[in-house]
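Enquirer: model this:
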Amino acid sequence: MIREAGPDDCAALESLLTARIDQAMFPLVNLRDHGLRCGDFPTGHDHAARFWRIGNSVIALTRAGILLPLLDRTADLSGLKTALRGLSVTGVIGPAASARPILAALDLDRLPTTTDRDEPGFTLDLSHLAKPDLPGTTLRPITPDDLPLLTDWRETYIGEVLGQTGPAARRRAEAELAACLTRDSHRLLLQHGTPVAMTGFNATLPEIVQIGGVYTPADLRGRGYARRAVALHLAEARGKGTARAVLFAANDAAARAYRAIGFQPAVPFTLFLLSTPTRITA
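Expert: Next comes the predicted model:
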């Protein structure tokens, strides 16, 4: 039986998500940051989410329309369309074993997309972090003065990874970088003072971080900048008490870079983004 969770379910939801934290960073961060309200989104933020429970399975839907599922093998999705009827969906992100059944149950896998792929997941105990040496490189937080350059980088990244281009991608890049500045979530790698790569955390909890937004301009790739940037940022997080890191890799080159600093394979993640939002009908 599918039912929407309310404030009284917060502790149980947190327990379910924390038990599989490597796969549940997005919904868990959203729950902790924005809380829970039955029948509506708890805040006006795009990441605020409504949650549904099916036994020990959890499905979150953000205000931006992203479904974030975490299913066990016994989840009965036969009533999912009815539970979500009338709500707008823009995509699904989560472990492939959870995301793919959701897509089939809602018939979303028949619709046009900008992105539809499964990416290899990785996890790392930060006590095993390897920090490659790259003479002349330093890492620092991004600043407002970096925005003209980084907006160009981020727009290209959005096109390469998410398949979105044009004015919408530019606006998205500007909005995301503004949020990065507010959260102090991203870092810029310099070589002899020149920016060469960017890295960041797209979800952060005291005990674990999720890496996202790693970018090196095309003409600077293959020189070890990304792995150096990620390693230095993780070393910074480790110094503040963070014990673990997770990520999913967009391509083989990225996967090789993450393995080089100690990441080990984990479950694959699905990144599925619709070309246009769709409303669920039963």
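Enquirer: From now on I want contacts and neighbour counts done on CA atoms only, so please keep to that.
Expert: Fine.
Enquirer: What are the boundaries of the helices in the stretch 1-150 of the chain?
Expert: Along the stretch 1-150 of the chain, counting by DSSP state H, counting those that start in this stretch, helices occupy 10-19, 25-34, 80-83, 96-105, 147-162.
Enquirer: got a list of contacts for the last one?
Expert: Read it as helix 147-162. For helix 147-162, the surrounding residues in contact (C-alpha atoms under 8 Å, 6 or more residues apart in numbering) are 114-115, 164-165, 169-170, 172-174, 177, 213, 215, 217, 250, 273.
Enquirer: For that helix, the averaged confidence score.
Expert: Regarding helix 147-162, the rounded mean pLDDT is 94.
Enquirer: Show me which positions of that helix end up buried.
Expert: 147, 150-151, 153-158, 162 (16 or more other C-alpha atoms under 10 Å).
Enquirer: got it, and stretch 126-143?
Expert: Here stretch 126-143 shows 126, 129-131, 137-139, 141-143 as buried, counting by 16+ other C-alpha under 10 Å.
Enquirer: By pLDDT, give me the weakest of these.
Expert: Minimum pLDDT across the buried residues of stretch 126-143 falls on K131, with 91.
Enquirer: which residues touch that one?
Expert: 228, 231-232, 261.
Enquirer: And the furthest pair within those?
Expert: Farthest pair in these (C-alpha to C-alpha) is L232 and I261. Separation: 10.3 Å.
Enquirer: Helix, strand, or coil at the most centrally placed residue in the chain?
Expert: Centroid-nearest residue in the chain, with C-alpha atoms, centre = their mean: N202, separated by 5.6 Å. At N202 the chain is in strand, as set by DSSP: H, G, I helix; E, B strand; the rest coil.
Enquirer: can you give me the strands for the stretch 1-150 of the chain?
Expert: 3-4, 49-54, 57-62, 66-70, 88-95, 113-125, 137-141 (DSSP state E, counting those that start in this stretch).
Enquirer: any chance of those in TSV, with distance to D40 too?
Expert: Shown next, in TSV, are the strands of the stretch 1-150 of the chain (distance: least, C-alpha to C-alpha, whole Å):
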stretch	distance to D40
strand 3-4	10
strand 49-54	7
strand 57-62	11
strand 66-70	15
strand 88-95	13
strand 113-125	27
strand 137-141	36
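Enquirer: Can you tell me which of the ones you listed is most buried?
Expert: Among these, strand 66-70 has the highest mean neighbour count (mean count of other C-alpha atoms under 10 Å), at a mean of 26.
Enquirer: Can you dump the C-alpha atoms of it in PDB for me?
Expert: Output of strand 66-70 as PDB, limited to C-alpha atoms (Å, rounded to 0.1, in the frame of the first residue of the first chain):
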ATOM      1  CA  ILE A  66      12.400  15.200  -9.800                       C
ATOM      2  CA  LEU A  67      11.400  11.800  -8.500                       C
ATOM      3  CA  LEU A  68      14.000  10.300  -6.100                       C
ATOM      4  CA  PRO A  69      13.100   6.600  -5.400                       C
ATOM      5  CA  LEU A  70      14.700   4.100  -3.000                       C
END
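Enquirer: just how off-centre is that strand within its chain?
Expert: 11 Å (C-alpha atoms, centre = their mean, to the nearest Å).
Enquirer: so what's L134 up against?
Expert: 224, 228 are the contacts of L134 under C-alpha under 8 Å, 6+ apart.
Enquirer: one step back: so for L232 and I261, which residue has more residues nearby?
Expert: L232 (23 against 19; other C-alpha atoms under 10 Å).
Enquirer: Now the more buried one: which helix or strand?
Expert: Using DSSP states H and E, L232 falls within helix 225-239.
Enquirer: Given the helix or strand just after that helix, what are its sheet partners and their directions?
Expert: The first helix or strand that comes after helix 225-239 along the chain, using DSSP H and E, is strand 244-248. Partners of strand 244-248 in the sheet, by DSSP bridges, are strand 113-125 (antiparallel), strand 208-211 (parallel).
Enquirer: so which of the ones you listed comes closest to P268?
Expert: strand 113-125 (4.4 Å).
Enquirer: contacting residues around the lengthiest strand in the chain?
Expert: The strand that spans the most residues within the chain, counting by DSSP state E, is strand 264-279. Defining contact as C-alpha under 8 Å, 6+ apart, one finds that strand 264-279 is touched by 23, 65, 85-96, 99-100, 111-124, 162, 248.
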